[in-house]
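Chemist: only geometry, no sequence info:
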């Protein structure tokens, strides 16, 4: 698989939106079936120095690539929390369990550790999303707690797990 991780581009909005609405992904990222490409375009237009977004792309043929995953890092803008960032990630349903999530997280962790000097990375994940939890733990995230009935998923209230990774001083 010819995989590249690169910064997001405006023309990625449609494929990002398609993934956000994909069954099996939408339920786990707080997406909605009514989300439009315009929502994704507006998100990309709001990107500033505190938001960083990467996409994983595979070559379909010589001239065409396809977005198969994305990861975002939002640095907390509050001066006393500037050392913290929050993550969001998704991988196309047909490309899961191929190491793409690991590559995306490695990219954003490198940015956080070596370029932004963030001390704390945090994320929220549904407490029954074992594949994602295992990936996060593999990347050094630890469980901090459970937020009970924190989100709606498929017509029911669901628990979210709060996880964080604290950068070790060297």
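Modeler: Looks like it arrived, so ask away. Keep in mind that this is a model prediction, so the values were computed, not measured.
Chemist: use CA for all of it now, contacts and neighbours both
Modeler: OK.
Chemist: pLDDT on the top helix by length along the chain, on average?
Modeler: If you go by DSSP state H, the chain has its longest helix at helix 100-110. For helix 100-110, the mean per-residue pLDDT is 98.
Chemist: Not counting its own residues, what contacts the helix or strand just after it?
Modeler: For helix 100-110, the following helix or strand on the C-terminal side (DSSP states H and E) is strand 120-126. Residues outside strand 120-126 that contact it (Cα atoms under 8 Å, 6 or more residues apart in numbering): 28, 83-88, 112, 132-133, 158-167.
Chemist: now stretch 78-89
Modeler: Under the criterion Cα under 8 Å, 6+ apart, residues 29, 69-76, 101, 104, 112, 117-123 lie in contact with stretch 78-89.
Chemist: Repeat the analysis, applying 10 Å as the threshold.
Modeler: Stretch 78-89 is touched from outside by 29, 50-55, 69-77, 101, 104-105, 108-109, 112, 116-125, 132, 164-166, with contacts defined as Cα atoms under 10 Å, 6 or more residues apart in numbering.
Chemist: Next, the buried residues of it.
Modeler: 82, 83, 84, 85, 86, 87, 88, 89 (16 or more other Cα atoms under 10 Å).
Chemist: What is the end-to-end distance of that stretch?
Modeler: 23 Å (Cα to Cα, to the nearest Å).
Chemist: The longest helix of the chain: how far from the chain's middle?
Modeler: Computed by Cα atoms, centre = their mean, to the nearest Å, the chain-centroid distance of helix 100-110 equals 9 Å.
Chemist: Also stretch 80-97?
Modeler: Using Cα atoms, centre = their mean, the offset of stretch 80-97 from its chain centre is 2 Å.
Chemist: and the residue most central in space within the chain, which of the three is it?
Modeler: Nearest to the geometric centre of the chain sits residue 89, at 1.6 Å (Cα atoms, centre = their mean). With DSSP: H, G, I helix; E, B strand; the rest coil as the basis, residue 89 sits in strand.
Chemist: State the distance from it to residue 59.
Modeler: On the measure of Cα to Cα, residue 89 and residue 59 end up 20 Å apart.
Chemist: need the helix or strand of the protein with the lowest average pLDDT.
Modeler: helix 37-45 (a mean of 92; mean pLDDT, DSSP states H and E).
Chemist: Let me know the average pLDDT across stretch 155-167.
Modeler: 97.
Chemist: How far off centre is that stretch?
Modeler: The chain centre lies 13 Å from the centre of stretch 155-167; the measure is Cα atoms, centre = their mean.
Chemist: cool, and stretch 42-55?
Modeler: So, by Cα atoms, centre = their mean, the centroid of stretch 42-55 is 12 Å from its chain's centroid.
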